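[1] Everything below, folded, please.
(one chain, ligands or ions: 4)
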Amino acid sequence: MDGGAHNKRSDTAPVRSTCPFCGVGCGILLSPDGQGGIAVKGDPDHPANRGRLCSKGLAVGETIGLDDRLLAPRIGGEDTDWDTALDLVADRFRETIAQHGPDSVAFYVSGQMLTEDYYVANKLMKGFIGSGNIDTNSRLCMASTVAGHRRAFGTDTVPGTYEDLEEADLIVLVGSNLAWCHPVLYQRILAARKKRGTKIVVVDPRRTASCDSADMHLQLEPGSDVALFNRLLVAIYEGGALDKGYLAQVDGFDDALRAAFSDRADVTGLDPEQIEDFCRLWLRTEKVVTIFSQGVNQSSAGADKVNAILNCHLASGRIGKPGMGPFSVTGQPNAMGGREVGGLANMLACHLDIENADHRRAVRDFWNAPAMATRPGLKAVDLFHAVKDGRIKALWIIHSNPAVTLPDADTIRDTIRDCAFAVVSDITAQTDTARLADVLLPATAWGEKDGTVTNSDRTISRQRAVLPAPGMARPDWDIIADVARRMGWRHDFDYASPVEIYREYAGLSSLGGHFGRDFDISAHATIRDIDYAVLDPFQWPLTKERQGGRFFADGQFFTETGRAQMLPLRFRPPESKKAPRYPFRLNTGRTRDQWHTMTRTAKSARLAAHLPEPFCEIHPEDAAQLGVSAAGLVELTSPQGRAVLRALITDRVRPGDLFAPMHWTGETAPSARIDALVAPVTDPVSGQPESKASVCAVKPFDAAWYGFAVSAMPMHPQSTYWARSRTRTGWRAELAGLDTPADWEAYARDLFQLPDSAVQAVNDPRRGHHRFAFHADDRLQAALFIAPEPVLAMRDYLATLPGTEAPDAISGRAPADRPDPGPVLCSCFNVGVNTIMTAIESQGLVTVDAIGAALQAGTNCGSCRPEIAALIARAATPRAAE
Ligand SMILES: Nc1nc2c(c(=O)[nH]1)N[C@H]1C(S)=C(S)[C@@H](COP(=O)(O)OP(=O)(O)OC[C@H]3O[C@@H](n4cnc5c(=O)[nH]c(N)nc54)[C@H](O)[C@@H]3O)O[C@H]1N2
Ligand SMILES: Nc1nc2c(c(=O)[nH]1)N[C@H]1C(S)=C(S)[C@@H](COP(=O)(O)OP(=O)(O)OC[C@H]3O[C@@H](n4cnc5c(=O)[nH]c(N)nc54)[C@H](O)[C@@H]3O)O[C@H]1N2
Ligand code: SF4
Ligand SMILES: [Mo]
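    Numbering: from 1, shown residues only. Ligands and ions are numbered 1, 2, ... in the order given. Sure, this is the predicted structure:
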């Protein structure tokens with residue numbers, strides 16, 4: 001047993017596990033301190049990262065605290081025992097199915113579940129309940145890639161390996177902010193570049209941190225990627241870069257080329273010279289890897305964008321060979337595992353097709369399933385639609401926060417609340433989704449559970465438990481299997497541990513091989529408990545004949561003909577059209593140090609320090625025209641909803657475009673739930689929502705007052721706008737309101753819940769300035785600064801004061817001998833922007849390494865190196881202009 005292996009572990013030997021965040025899938029060494037904490041280090045032996053970790057991986061130990069954990073099942077908000085909760089879930093699902101048929105229930109699951117969790121959920125829904133209604137947040141993430149791969153290759157296969165990123169001479173990042181979202185891969189590319197001079201091209205309507213080290217940035221019109229890659233296909237043809245030999249393995253070339261010729265590159269809005277430069281670079285560089293991510297997938301033309309990229313690699317034969325190929329990087333730690341195990345409503349399991357009667361029969365026989373689903377289920381957006389109109393009456397959400405992350409999120413929130421029976425499995429009750437559940441089930445979190453995950457390059461790694469399950473929490477697979485048993489399938493879900501599930505899954509995967517599919521790990525069908533316990537990372541396929549490696553260097557595709565399929569594609573603009581009422585295009589995405597809805601990363605002060613507040617990037621010309629002032633607030637409205645965010649005036653976005661992060665929620669900044677504005681339009685092929693191209697209007701949000709607060713204890717803001725985040729000493733918050741409180745001191749006492757503490761106050765009612773500092777036992781408890789315009793205060797200095805004597809906190813300023821460090825850039829060593837700028841200016845430092853030598857910044861995980869480079873460039877610009 002795996003647990004046995006942990007018990008035998010000596011106290012000094014770290015446990016090998018996998019980072020819980022992105023799809024790079026870094027190996028991580030965990031040393032529990034025996035008091036609930038863990039020390040983390042990169043695993044030097046893991047093939048994904050060879051010891052590196054990024055800022056999020058390094059801070060994972062700060063995200064596992066138990067303070068807000070859900071520790072017992074709850075029904076209607078009241079704690080209960082497992083039997084009561086699970087009997088209720090099983091009864092309600094069984095009754096609903098009996099009355100309304102299997103399609104009246106649904107599961108909405110997650111690419112962050114372990115493969116073993118996923119396997120049990122999929123088996124229950126597709127084999128035993130007999131419906132296809134299990135879909136996953138991977139629908140919002142990887143669905144267009146899955147569809148594109150299947151159209152071109154016949155299966156959902158990532159052809160390459162991470163080594164290709166180091167062996168390439170040209171890396172094209174399409175709709176991927178790799179520097180922030182897959183930082184360890186980005187660092188691997190930059191390290192290889194030092195040796196071989198790799199060129200980097202970024203294709204993104206926004207100038208991101210990934211552009212800071214790029215040789216070329218194609219800042220194209222949002223949604224126009226198909227037109228760009230069509231132009232590249234024409235250039236490949238005209239420039240003699242076709243691989244005629246390889247094309248013997250490919251169907252559809254003529255039609256694809258004809259369509260490409262008829263497309264217009266000017267819709268990209270790019271300078272034709274720049275497009276030609278890009279094409280020339282591509283043509284003369286054989287070893288090219290095209291990395292793509294959500295700028296490609298999250299589009300109403302997502303699958304077409306994927307195929308437009310694949311067309312170019314197929315036509316030139318640059319695929320499946322060292323340093324060459326299209327490379328979809330996965331987002332979540334087990335996005336790939338979910339695709340393999342059949343987490344999507346339109347897949348079966350092990351890359352088998354739900355539409356194929358032979359595949360269905362084989363899986364049914366393997367599972368001994370009583371009620372195999374005979375057709376695909378509803379895809380995420382349609383699935384929640386069916387919940388809204390009452391076709392689905394019982395819904396189980398596992399490991400996801402759709403009330404925040406699905407498009408049209410306010411409607412989704414109401415839909416879950418109004419659903420006849422909504423079950424949520426989570427690790428905390430404090431999420432926008434968990435708050436709506438009829439039944440809430442406490443899951444064990446990363447660090448407390450065992451299983452496997454698959455990363456972007458098909459490497460399967462173990463996650464291992466190092467901490468005991470808190471309270472009554474149980475692993476997701478165990479909860480799902482228990483419900484299945486209570487629904488009547490006692491023997492089919494009689495698993496005692498993850499290894500039993502893994503063995504069964506590996507056994508099932510031999511069907512993949514049998515039907516000529518790629519996903520096959522059947523060599524593990526009889527893996528012993530002890531071997532699973534010590535399993536090293538390995539790349540699939542894993543059969544008696546073959547282990548890992550690349551696909552398609554010599555063709556051998558998984559289509560009926562064995563040949564790949566190129567597709568004729570034409571540019572289609574985003575589904576939502578700009579109109580006089582909605583003249584802006586809203587792009588959304590990620591920041592460096594937060595993970596999705598922040599339920600874990602917001603606990604780390606180190607991670608929160610990077611960008612502590614939700615923001616909206618807006619071009620200076622638009623800001624000037626609309627009267628948006630620096631550090632002011634803006635109000636965004638779309639046909640779906642409304643949001644208030646801090647304005648960040650920057651030419652990183654093009655005029656007419658806006659960018660806002662996806663991370664903030666009802667828990668952290670209720671007016672910044674950005675998916676409330678996103679239109680629920682999807683790609684017709686993949687069903688993936690267009691999360692990056694909604695339309696909206698923007699105007700200044702004229703608050704009557706603005707506030708900034710720091711506190712040693714949690715705050716309870718009540719105002720139109722607020723955003724709170726953790727600091728090393730407690731909390732900080734930004735506030736703004738439309739109505740001015742009559743009594744500011746009473747407001748402050750409510751905010752901090754300090755009815756009796758001693759207060760220092762400075763009030764200037766005429767100017768609308770108010771300041772309060774609360775002390776107890778000679779320590780600062782909290783301070784609040786109010787002004788009629790965005791508050792000028794040394795925020796990053798003030799955030800260090802709670803819990804210290806801080807007699808002058810009320811001044812809002814740092815003493816002359818303690819300069820304000822500014823917003824933290826290097827979260828490993830806590831180095832702020834001001835500190836780095838001062839070093840650049842006063843010491844004349846001009847390289848990232850020089851900054852590192854002087855301040856340590858950027859010398860550990862390296863995630864902030866692109867931003868340090870940008871600061872150096874910024875400091876150099878005015879001088880160069882002189
Ligand atoms: N720090 C951090 N890292 C993460 C995550 C996280 O939450 N935080 N989440 C993980 C997950 S699940 C995922 S899916 C990945 C996502 O990783 P990425 O896809 O790299 O991240 P995003 O910021 O969503 O979007 C990438 C870029 O797409 C661009 N884009 C928008 N529209 C278009 C377009 O029409 N064409 C092109 N070419 N580009 C466009 C955006 O401007 C943005 O810079 O990150 C993973 N890693
Ligand atoms: N506008 C916009 N929207 C987007 C995107 C975008 O770029 N723009 N990106 C989309 C993408 S790519 C993705 S992947 C999604 C992500 O969207 P979600 O999956 O909805 O976001 P998370 O915050 O990762 O939600 C995970 C939930 O699982 C809980 N959890 C953590 N560990 C466990 C566990 O072990 N067991 C259980 N049962 N629960 C656990 C967490 O507390 C949290 O509530 O967002 C999508 N939405
Ligand atoms: S790159 Fe960072 S977030 Fe992604 S797996 Fe590695 S350490 Fe974790
Ligand atoms: Mo994702």
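[2] From what I see, Glu734 and Phe708 are in contact.
    Yes: at 6.0 Å, Glu734 counts as touching Phe708 under the criterion of C-beta atoms under 8 Å. Just so you know, the C-beta spots here come from the backbone N, C-alpha and C atoms, and that holds for glycine as well.
[3] What pLDDT does the model give the closest residue to Arg767 other than its chain neighbours?
    The shortest distance from Arg767 to any non-neighbouring residue, by C-beta to C-beta, 6 or more residues apart in numbering, is to Pro788 (7.3 Å). Here, the pLDDT recorded for Pro788 equals 96.
[4] Phi first, then psi, for Pro788.
    phi -80, psi -10 (degrees, to the nearest 10).
[5] Make sure it is actually in contact with Trp705.
    Yes: using C-beta under 8 Å, Pro788 is in contact with Trp705, at 5.9 Å.
[6] show me what contacts the residue of the stretch 201-350 of the chain found nearest ligand 4?
    Using C-beta to the ion, Gly331 is the residue of the stretch 201-350 of the chain that sits closest to ligand 4, at 2.8 Å. Gly331 makes contact with 22-23, 111, 141-142, 181, 293-294, according to C-beta atoms under 8 Å, 6 or more residues apart in numbering.
[7] Columns distance to ligand 4 and pLDDT on top of the residues you listed, output as JSON lines?
    JSON lines is the format used below for these (distance: C-beta to the ion, whole Å; pLDDT from 0 to 100):
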{"residue": "Cys22", "distance to ligand 4": "9", "pLDDT": "98"}
{"residue": "Gly23", "distance to ligand 4": "8", "pLDDT": "98"}
{"residue": "Gly111", "distance to ligand 4": "6", "pLDDT": "97"}
{"residue": "Cys141", "distance to ligand 4": "3", "pLDDT": "98"}
{"residue": "Met142", "distance to ligand 4": "7", "pLDDT": "97"}
{"residue": "Cys181", "distance to ligand 4": "9", "pLDDT": "98"}
{"residue": "Ser293", "distance to ligand 4": "8", "pLDDT": "98"}
{"residue": "Gln294", "distance to ligand 4": "7", "pLDDT": "98"}
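[8] okay, those residues in TSV with neighbour count and secondary structure next?
    Converted to TSV, the contacts of Gly331 look like this (neighbours: other C-beta atoms under 10 Å; DSSP: H, G, I helix; E, B strand; the rest coil):
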residue	neighbour count	secondary structure
Cys22	26	coil
Gly23	28	coil
Gly111	27	coil
Cys141	26	coil
Met142	32	coil
Cys181	25	helix
Ser293	28	coil
Gln294	26	helix
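[9] closest to Arg563 among those?
    Comparing the contacts of Gly331 against Arg563 with C-beta to C-beta places Met142 closest, at 24.6 Å.
[10] For the closest one, grab phi and psi.
    phi -110, psi 0.
[11] so it touches Arg339, yeah?
    Yes: counting by C-beta under 8 Å, Met142 touches Arg339, with 6.3 Å between them.
[12] And Ala445, how far from ligand 2?
    To ligand 2, Ala445 is 5 Å away according to C-beta to the nearest ligand atom, to the nearest Å.
[13] on that earlier part again, return the distance of the residue nearest to Arg767 relative to ligand 4.
    The gap separating Pro788 from ligand 4 is 41 Å, by C-beta to the ion, to the nearest Å.
[14] do the same with Ala394
    26 Å.
[15] Can you name the residues that contact that residue?
    Here Ala394 is in contact with 92-93, 96, 104-106, 419-423 (C-beta under 8 Å, 6+ apart).
[16] Identify the residue nearest Phe829 in space, chain neighbours excluded?
    Per C-beta to C-beta, 6+ apart, closest to Phe829 is Gln856, 4.4 Å.
[17] And for Arg606?
    That would be Ser827: by C-beta to C-beta, 6+ apart, it lies 4.6 Å from Arg606.
[18] So what's the residue count around that neighbour?
    A count of neighbours around Ser827, defined by other C-beta atoms under 10 Å, yields 26.
[19] Dump the host helix or strand of Val184 to PDB, restricted to CA.
    Per DSSP states H and E: Val184 is located in helix 183-196. The C-alpha trace of helix 183-196 is given here as PDB (Å, rounded to 0.1, in the frame of the first residue of the first chain):
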ATOM      1  CA  PRO A 183       7.200  29.600 -16.200                       C
ATOM      2  CA  VAL A 184       9.400  26.600 -15.900                       C
ATOM      3  CA  LEU A 185       9.000  25.800 -19.600                       C
ATOM      4  CA  TYR A 186       9.800  29.400 -20.400                       C
ATOM      5  CA  GLN A 187      12.900  29.200 -18.300                       C
ATOM      6  CA  ARG A 188      13.900  26.000 -20.100                       C
ATOM      7  CA  ILE A 189      13.600  27.800 -23.400                       C
ATOM      8  CA  LEU A 190      15.600  30.900 -22.200                       C
ATOM      9  CA  ALA A 191      18.300  28.600 -20.900                       C
ATOM     10  CA  ALA A 192      18.500  26.700 -24.200                       C
ATOM     11  CA  ARG A 193      18.500  30.100 -26.000                       C
ATOM     12  CA  LYS A 194      21.700  31.000 -24.300                       C
ATOM     13  CA  LYS A 195      23.400  28.100 -26.100                       C
ATOM     14  CA  ARG A 196      21.700  28.000 -29.400                       C
END
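[20] tell me which residues of that helix are tucked away?
    For helix 183-196, burial by neighbour count (16 or more other C-beta atoms under 10 Å) applies to 183-190, 192-193.
[21] pull the helix or strand with minimum mean pLDDT from the protein.
    helix 2-8 (a mean of 37; mean pLDDT, DSSP states H and E).
[22] so what strands line up beside the helix or strand following that helix?
    The helix or strand immediately downstream of helix 2-8 is strand 15-18, counting by DSSP H and E. Its sheet considered, strand 15-18 pairs with strand 27-32 (antiparallel) by DSSP bridges.
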